[in-house]
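>>> My questions are about this predicted structure, shown below with the sequence.
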Amino acid sequence: MASQDISPGTDSGKASLLNDPKFRGYLFQILAVLVIALLGYWIVNNTIENLQRARLATGFGFLDGRAGFDISSSPYLTYSSDSTFAKALLVGILNTLTVAVAGIITATILGFIVGIGRLSHNWLIRKICTVYVEIFRNVPPLLVIFFWYSGVLAVLPQARQSVALPFGTYLNNRGFYVPSLILGEGAWLAGVAFIIGIVAAFFVKRWAHKRQMATGQPFPANLTAIALIIGLPILALAIKGFPLTLDYPILGAFNLKGGSQVGPEFISLYLALSFYTASFIAEIVRAGIRGVGKGQTEAAHALGLRPGTTTRLVVVPQAMRIITPPLASQYLNLTKNSSLAIAAGYPDLFAVGGTILNQTGRSLEVVVIFMIVYLSLSVLTSLFMNWYNAKMALVER
Amino acid sequence: MGVSASKFLVATSALLLAASGACAATLDIVKEKGFLQCGVNTGSAGFASPNDKGEWAGFDVDYCRAVAAAILGDGTKVKFTPLSSKDRFTALQSGEIDVLIRNTTWTLSRDTQGFDFTGVNYYDGQGFMINGKKLTGITSALQLSGATICLQAGTTTELNVADYFKANRMEYNPVVFEKLEEVNNAYDSGRCDVYTDDRASLHSIRLRLASTADHIVLPEIISKEPLGPAVRQGDPQWADIIRWTHYALLTAEELGITKANVDEMVKSESPEIRRVLGQEQNTKLGTDLGLTNDWVVNMVRAVGNYGEIFDRDLGAGSRLKIDRGINALWTKGGLQYPMPIR
């Protein structure tokens, strides 16, 4: 080990390698990696040995087996009790994704509104926003889920006394029922028109921005974009003679039948996650806006920019640099908190996986799947937010 | 990355510790720590729930006490771990509990997944409960097509109901919860039309609902639910103790040994009673099992015989008033048949 690299004749020239900071750095890093690798090997080996001793089978082959249980909500895949465990897990993952994405969008919008509201000059708005933040930030998320599930949604009327809302929608304690759109022949054209609309709107925005930069003349790009995205599909439908029919929900023996249904399990989880996370986002937004120097606003005013334009063009872009990194953590929190879904009976990954774990007894495998999925979701979110952060970061010229 | 990796380490090492803990003989562990750690239901009146004095009571609880009395001579030396249906097997596998007595159905797949069932202390079947006042005119489970059904996650119930509705070409919408209390709330608030569970549990839940008389249990029995204690695989001595606890409680009923008369029965002349109660000269029946020879005496003194337990917790002496039915002794036309203690 003590390989003192001393060549003959230069006995006083070189110091011991151990005193070389560079060599020492490498040595300790290699040792640390070795220790971790050994620990990992020992853990895996010991686990396998103990599993064998307890006569437990291992491996992921069980995922091909017939699930045998039903899942209440599978909006994207056709799932039945004849499907495999793997498909059941996939349904769970998609449900987790749905509630996480919907929750992130709503929490962001709500959080920005409340965060800006806390800085409002209006006393009432400011206080309402403060109360909101303090209440939801200081209550555990599980309690917020129960609040929505048992406190708000369960007191809605029974199926037979559904509240009829406009446009053929109904609300009862089984969820929110909306008429579903049945696409007839030629409806594909509307879809194509919709995509064309989005692409066209993108180019119009770019062109308008360029023109304003060059000539200073503004163009109503937002209105044009909305008109393109909504107008084109309607035009397409009109050409085809409106090939759409609506399937209205009607009262059946037990529930409303037909139409599309959003269950109270999803609604309560989605609202709870959104409201809970929004309170944290609000504080992040407030801190971000506060973090932009007052001089920036004053300078913008001095240049003659109006307050709205000042906020949009001067304050928010700078605040975003402060807001983005902590915002990413909140998105990760929301995704992970969605594993509380089973408390409200929503079949997310954790709930479905728990059932599978129980029916097959493969706890180790299912827990490993849990970790891989949540880790991947978190890493993907982080990557996206890091990319966005880099894009927003100060570009030094 | 660092956090997740360390989490993985913690989780894995927890599993490791648990798995290695499972190897030592459970009997020695129980004797050493001086109490039995028994996994029971979180709250199912009649099977396991805290009573008005805050003590655990019920059919499964009495079985836990019987095991504790057989091993330690004292039926109060039990600690109870309330478990949801989803967590119960993990708790048993990890060694958190010594024995699982939580109205658990004996199935082939569970028996081969690292558990051993030691007997059937209650023969049950799955049924359906509805609010008869709200759903007038429904008298059979075959009329339930389109219904929303509340149930507990990770149970055989979940699988049976899927099979039953598929076989009868009916549709349903399951709402699955982890805890019994959550299912109760959802059913009570009208989120579901139907509550499905083992019939004894349904009767027990019915008593807890606001308007008990409105709720009816439909006549169909859609599955066999043999409920019994489960232990970890690979510890035959421990499995034997739990198995023979059950048989001894049944034998006591057969022989008319009760909580009240057990101390007199010890002096009985009958060779069979003397043998069961460990009064035979140089008997080794108890010690061969790893217990003392008066294990049956301790057990009956603590909780009574099978018939007494049933009566007190589920039958005529309880609020549930469940009929002995197929759980009667084999001599009275039931299925409960103890193996001979000799």
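Thanks, I have the structure now. Numbers count the residues shown, from 1 in each chain, chains lettered A, B, ... in the order given.

>>> next structured bit after the helix-or-strand element of chain A with minimal mean pLDDT?
Ranking every helix and strand in chain A by mean pLDDT, DSSP states H and E puts strand A:256-257 at the bottom, with a mean of 72. As assigned by DSSP states H and E, the chain's next helix or strand after strand A:256-257 is strand A:260-262.

>>> what comes up buried for that next one?
A:Gln261 (16 or more other CB atoms under 10 Å in any protein chain shown). Backbone N, C-alpha and C define where each C-beta goes, glycine included.

>>> following it, which helix or strand comes up?
Per DSSP H and E, the first helix or strand lying C-terminal to strand A:260-262 is helix A:264-290.

>>> For whichever helix or strand comes after that next one, name the packing helices and strands.
Helices and strands here follow DSSP H and E; after helix A:264-290, the next one along the chain is helix A:294-302. Here helix A:294-302 touches helix A:307-310, going by 3 or more CB pairs under 8 Å, 6 or more residues apart in numbering or on different chains; DSSP states H and E.

>>> Contacts for the helix or strand following the helix it packs on, please.
Per DSSP H and E, helix A:307-310 leads on to helix A:316-337 as the next helix or strand towards the C-terminus. Contacts with helix A:316-337, where a contact means CB atoms under 8 Å, 6 or more residues apart in numbering or on different chains, come from A:96, A:100, A:103-104, A:107-108, A:111, A:141, A:273, A:276-277, A:280-281, A:284-285, A:287-289, A:291-292, A:296, A:374, A:377-378, A:381-382, A:385-386, A:388-389, A:392-394.

>>> repeat that with 6 Å
Outside of helix A:316-337, the residues within contact range by CB atoms under 6 Å, 6 or more residues apart in numbering or on different chains are A:100, A:103-104, A:141, A:273, A:277, A:280-281, A:284-285, A:288-289, A:291-292, A:377-378, A:381, A:385, A:389, A:392.

>>> what angle do that helix and helix A:294-302 make?
Helix A:316-337 runs at 130 degrees relative to helix A:294-302, counting by axes from the mean of the first three to the mean of the last three CA atoms, to 10 degrees.

>>> What residues of the one helix or strand A:Gly115 maps to count as buried?
Assessed by DSSP H and E, A:Gly115 sits inside helix A:85-117. The neighbour-count check on helix A:85-117 (16+ other CB under 10 Å) flags A:85-100, A:102-104, A:106-108, A:110-117 as buried.

>>> how many neighbours does A:Ile135 have?
12 (other CB atoms under 10 Å in any protein chain shown).

>>> what's the nearest residue to it if we skip its chain neighbours?
A:Ser279 (7.7 Å; CB to CB, 6 or more residues apart in numbering or on different chains).

>>> Might you report the residue contacts of the most centrally placed residue in chain B?
Geometric centre of chain B, nearest residue: B:Asn103, 3.1 Å, by CA atoms, centre = their mean. By CB under 6 Å, 6+ apart, the residues touching B:Asn103 are B:47, B:227.

>>> Need phi/psi at it.
phi 10, psi 70 (degrees, to the nearest 10).

>>> and the gap between it and B:Glu269?
39 Å (CB to CB, to the nearest Å).

>>> same check, this time on A:Leu77
Counting by CB to CB, the gap from A:Leu77 to B:Glu269 is 72 Å.

>>> More neighbours: which of the two?
For the pair A:Leu77 and B:Glu269, the greater number of neighbours falls to A:Leu77 (12 against 6), based on other CB under 10 Å.

>>> Look at that one and give its secondary structure.
When classified by DSSP: H, G, I helix; E, B strand; the rest coil, A:Leu77 comes out as coil.

>>> Who are the contact partners of the nearest residue to it once chain neighbours are set aside?
Once flanking residues are discounted, A:Leu77 sits nearest to A:Val91: 5.7 Å by CB to CB, 6+ apart. Going by CB under 6 Å, 6+ apart, A:Val91 touches A:71, A:74, A:77, A:79.

>>> What number of residues are in the vicinity of A:Met213?
With neighbours defined by other CB under 10 Å, the count for A:Met213 comes to 8.

>>> That one: which element?
helix A:188-215.

>>> from the chain's centre, how far out does that helix sit?
Mean-position distance between helix A:188-215 and its chain equals 27 Å (CA atoms, centre = their mean, to the nearest Å).

>>> Check which helices and strands that helix sits against.
helix A:221-239 (3 or more CB pairs under 6 Å, 6 or more residues apart in numbering or on different chains; DSSP states H and E).
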